[in-house]
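S.K.: Got a predicted structure plus its sequence, pasted below:
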Number of protein chains: 2
Amino acid sequence: MKRRSDCPISNVLGHVGDKWSLLILRDMMFFEKKTYSELQNSDEKMATNILSSRLERLEKSGLITKQTDANDKRRKVYKLTQAGIDMLPILLEMIAWSSKYRPETNTYPEFYEAIQINRDRLIKDLSAELQASFT
Amino acid sequence: MKRRSDCPISNVLGHVGDKWSLLILRDMMFFEKKTYSELQNSDEKMATNILSSRLERLEKSGLITKQTDANDKRRKVYKLTQAGIDMLPILLEMIAWSSKYRPETNTYPEFYEAIQINRDRLIKDLSAELQASFT
DNA sequence: ATATTAACTTGCATTTCGAAAGTTAATTTT
DNA sequence: AAAATTAACTTTCGAAATGCAAGTTAATAT
């Protein structure tokens, strides 16, 4: 996506400001999805061509990496980079907002409670966990 | 936008998961824009028909309200609701991410420093300020 | 009374999206 | 070794969203 201004918010939206990219990151962060087929089976069922183009863009943006699985060369393994992992606080704030204003859609109650009690701790723990799983 | 799943992240994206909606909220929060013409003159210059449809959707989502100005009935004044104000943390996390990974785009250094030092304080202060200005 | 302003709406070309079918290379099954 | 299956895409094409320019309407300013 082309750059639209020097605004940092606009910049982030340039990377993930569409309907799908943040859901891909969500699936990688919270549901440990790492392959094309796993990602395609999300609740929202995105079209394969869109998934393909979003993965390509996320890679170009430096939020994920793509490697061929050594044991099965058909499989491509997608991993979050540190920049990708650091999108976590944005996602957590979305969960927090929804929990407050759309409680019926909150399916991550454990995060919501944890974020209220100690947000920094939660982010550190989750980040560390993600870092470990992507190395 | 139609509901796509019960996921809270997906829900938020249902309200603001496009290229423009969060920029409208940004302009209202950080630049005190409150009318159509003010919003149209953002850095990114969104098309008028898109602005119109996004404002309508934000209103339906309960993030903003629309009132006719008492002194000039041509003017429609848009205001953030509490739910809209509570999108602030999401925007601040975007600023934080950009500050870290795209420092050249960071044009809100004052927020970035403040968020590092005392995030909760900053959010409280900004929220209070916004609440005051929208009543 | 005329011109200007604010907030849209409309028409239309271009771009993006979405569903389904097709392709390619690697692996598994027979 | 041949056939079937699987993973990860790519292609096609109709539908929907976007972007640009021009037009509309009501209110205010001159």
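M.R.: Good, I have the coordinates.
S.K.: Do me a favour and average the pLDDT over stretch A:13-27.
M.R.: For stretch A:13-27, mean pLDDT rounds to 96.
S.K.: Do it and DNA strand C come into contact?
M.R.: Yes: under the criterion of Cβ under 7 Å from any atom of the strand, DNA strand C is reached by stretch A:13-27 at A:18-20. Every residue, glycine included, has its C-beta placed from N, CA and C.
S.K.: Let's see which of those residues end up in strands.
M.R.: Using DSSP state E, no member of the residues of stretch A:13-27 next to DNA strand C falls within strands.
S.K.: Can you sort out which of the residues you listed also neighbour chain B?
M.R.: Among these, the ones lying near chain B by Cβ under 8 Å from any Cβ of the partner chain are A:18-19.
S.K.: If you rank the residues of stretch A:13-27 next to DNA strand C by neighbours, which is first?
M.R.: Counting neighbours by other Cβ atoms under 10 Å in any protein chain shown, A:Trp20 leads the residues of stretch A:13-27 next to DNA strand C with 22 neighbours.
S.K.: And that one, how far from B:Asp69?
M.R.: Here A:Trp20 is placed at a distance of 39 Å from B:Asp69 (Cβ to Cβ, to the nearest Å).
S.K.: repeat for A:Arg57
M.R.: Applying Cβ to Cβ, the value for A:Arg57 to B:Asp69 is 42 Å.
S.K.: Repeat that for A:Ser10.
M.R.: Relative to B:Asp69, and taking Cβ to Cβ, A:Ser10 is found at 28 Å.
S.K.: which of these two has more neighbours?
M.R.: Neighbour comparison, A:Ser10 and B:Asp69: the larger count goes to A:Ser10, with 23 against 12 (by other Cβ under 10 Å).
S.K.: three-state assignment of A:Tyr78?
M.R.: At A:Tyr78, secondary structure determined by DSSP: H, G, I helix; E, B strand; the rest coil is strand.
S.K.: Kindly state the pLDDT recorded for it?
M.R.: 98.
S.K.: OK, contacts around it?
M.R.: Shown in contact with A:Tyr78 (Cβ atoms under 8 Å, 6 or more residues apart in numbering or on different chains): A:28, A:34-36, A:39, A:55, A:64-66.
S.K.: try it again with 10 Å
M.R.: Listed by Cβ atoms under 10 Å, 6 or more residues apart in numbering or on different chains, the contact set of A:Tyr78 reads A:24, A:27-28, A:33-36, A:38-39, A:55, A:58-59, A:64-67, A:84, A:134.
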